[in-house]
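Engineer: With the sequence up front, the predicted model follows.
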Amino acid sequence: MLTIKDLRVSVDGKPIVKGLDLEIKGGEIHALMGPNGSGKTTLSKAIAGHPRYTIDGGEVLLNGVNLLELSPDERARAGLFLAFQYPVEVPGVTVANFLRTALQAIRGEEIGVWEFQELLAEKMKLLEMDESFATRYLNEGFSGGEKKRNEMLQMALLQPKIAILDETDSGLDVDALKVVGKTVNAMRGENFGALIITHYNRILKHIRPDVVHIMADGRIIRTGGPELADLVEEKGYDWIRSQVA
């Protein structure tokens, strides 16, 4: 579903991602791990189309469509979803209104109020969220865990083909981690794939990945199964790098 070929990305003229190849097939969950400064977040934002990140070469294909030729909103309509590390606050816009507008933009058609409310209630029940949450302003005054639950609610509603979770586990307690894991696991299937970007393997105890990649200095230096995450936890990134060098 998602194929990245020789991707090179720079920020303010400085190369960050330096020829990265990655393929996620339908139904697969991949984890991308690596130390600070390895290029993980740059990769996610470049795929999503953030204007600060300059594409110096390569391709990012989603079901054969080159995302790099599309605007950010077109990438979302094509089936890409990015969960941010630090979601922004949008005062004056309720969670429900934001989600209905986003869903209508993705589907390209109007969704009736009652149909949307039923769908929203179903997904909020999955995420163990109180219905009053929908009337609050988007991320305003939310705790870290509430922001991440809200992003999982967005993902569950929008049903993307590929989801990139950029350090979604940052600052989360055990209960919130379980909710993130429950959502991703519920969406597993041949029409959904995910890339989980993280420093640590604690979120991977709730979402068992099919493939684990280690990134350092803008490249993927090692790929393996779920046991690779355990090896990182035990021996650290420096040990992995020493084995590759």
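Structural biologist: In hand now; what should we look at?

Engineer: drop to CA atoms for contacts and neighbour counts, all remaining ones
Structural biologist: Noted.

Engineer: Lys235: how many residues sit nearby?
Structural biologist: By the measure other C-alpha atoms under 10 Å, the count of residues near Lys235 is 10.

Engineer: which secondary structure elements does the helix or strand of the chain with the lowest mean pLDDT contact?
Structural biologist: Within the chain, judged by mean pLDDT, DSSP states H and E, the helix or strand with the poorest mean is helix 237-244; its value is a mean of 80. Helices and strands in packing contact with helix 237-244 are listed as strand 219-224; criterion 3 or more C-alpha pairs under 8 Å, 6 or more residues apart in numbering; DSSP states H and E.

Engineer: Would you confirm that Arg188 contacts Gly27?
Structural biologist: Yes. In terms of C-alpha atoms under 8 Å, Arg188 counts as a neighbour of Gly27; the distance is 6.0 Å.

Engineer: neighbour-wise, which of these two wins?
Structural biologist: Between Arg188 and Gly27, counting by other C-alpha under 10 Å, Gly27 is the more crowded of the two (18 against 15).

Engineer: pretty sure that one contacts Met187?
Structural biologist: No. The pair formed by Gly27 and Met187 falls short of the contact definition of C-alpha under 8 Å, at 9.2 Å.

Engineer: Could you list the buried residues of stretch 46-60?
Structural biologist: Residues of stretch 46-60 classed as buried: 46-49, 53-55, 58-60 (neighbour count, 16 or more other C-alpha atoms under 10 Å).

Engineer: Oops, could you answer that again for stretch 82-98 instead?
Structural biologist: For stretch 82-98, by 16+ other C-alpha under 10 Å, it's 82-85, 93-96.

Engineer: Rounded mean pLDDT for it, please.
Structural biologist: In this model, stretch 82-98 carries a mean pLDDT of 89.

Engineer: what's the answer for stretch 107-125, then?
Structural biologist: For stretch 107-125, mean pLDDT rounds to 93.

Engineer: what does it contact?
Structural biologist: Contacts made with stretch 107-125 from outside it, assessed by C-alpha atoms under 8 Å, 6 or more residues apart in numbering, are listed as 77, 96, 100, 104, 130-131, 153, 156-157.

Engineer: what about the protein, any weak spots by pLDDT?
Structural biologist: Scanning the chain for pLDDT under 70 picks out 245.

Engineer: where along it do the strands fall?
Structural biologist: Listed in chain order, the strands of the chain (DSSP state E) span 2-11, 14-24, 29-33, 53-62, 65-66, 80-83, 90-94, 137-138, 162-166, 193-198, 211-216, 219-224.

Engineer: how about those in TSV, adding distance to Ala176?
Structural biologist: TSV is the format used below for the strands of the chain (distance: least, C-alpha to C-alpha, whole Å):
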stretch	distance to Ala176
strand 2-11	27
strand 14-24	26
strand 29-33	19
strand 53-62	30
strand 65-66	34
strand 80-83	15
strand 90-94	22
strand 137-138	18
strand 162-166	14
strand 193-198	15
strand 211-216	22
strand 219-224	27
